[in-house]
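Trainee: heads up, no residue letters with this:
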């Protein structure tokens, strides 16, 4: 069987330590590997307005399955 990588992006507007930990723990427990995080910043605030949490998972079988 062929292997392929499935990508998962989780978007959140709740950018707190607790929420980001919850998202990471949820997807890692589902077999995904945490790859990184990107933040969207606005000029009005020093706090991020949004976060995009990135994951990958190696899969077996045809890519379109």
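Mentor: Yep, that arrived. Computed from a predicted structure; not experimentally measured.
Trainee: Can you get me the start-to-end distance on stretch 30-45?
Mentor: From its first residue to its last, stretch 30-45 covers 34 Å (Cα to Cα, to the nearest Å).
Trainee: Quick check: buried residues in that stretch?
Mentor: The neighbour-count check on stretch 30-45 (16 or more other Cβ atoms under 10 Å) flags 32, 37 as buried. The way it works is simple: take the backbone N, C-alpha and C, and place the C-beta from them, glycine included.
Trainee: who touches that stretch?
Mentor: 8, 15, 20, 24, 27-28, 48-57 (Cβ atoms under 8 Å, 6 or more residues apart in numbering).
Trainee: longest strand in this structure, by residue count?
Mentor: strand 48-60 (DSSP state E).
Trainee: For residue 8, see how far away residue 17 is.
Mentor: Distance, residue 17 to residue 8, by Cβ to Cβ, to the nearest Å: 21 Å.
Trainee: Write a ChimeraX command that selects only the buried members of the contacts of stretch 30-45.
Mentor: Of these, the buried ones can be selected in ChimeraX as follows, counting by 16+ other Cβ under 10 Å:
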select :20,24,27,51,53,54,55
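Trainee: Can you name the two of the contacts of stretch 30-45 that sit furthest apart?
Mentor: Of all pairs drawn from the contacts of stretch 30-45, the greatest distance, 27.6 Å, lies between 49 and 57 (Cβ to Cβ).
Trainee: Report the secondary structure state of residue 24.
Mentor: helix (DSSP: H, G, I helix; E, B strand; the rest coil).
Trainee: element containing the closest residue to it other than its chain neighbours, please.
Mentor: Distances taken as Cβ to Cβ, 6 or more residues apart in numbering place residue 34 nearest to residue 24, at 5.5 Å, with adjacent residues excluded. Residue 34 belongs to strand 33-41 when assigned by DSSP states H and E.
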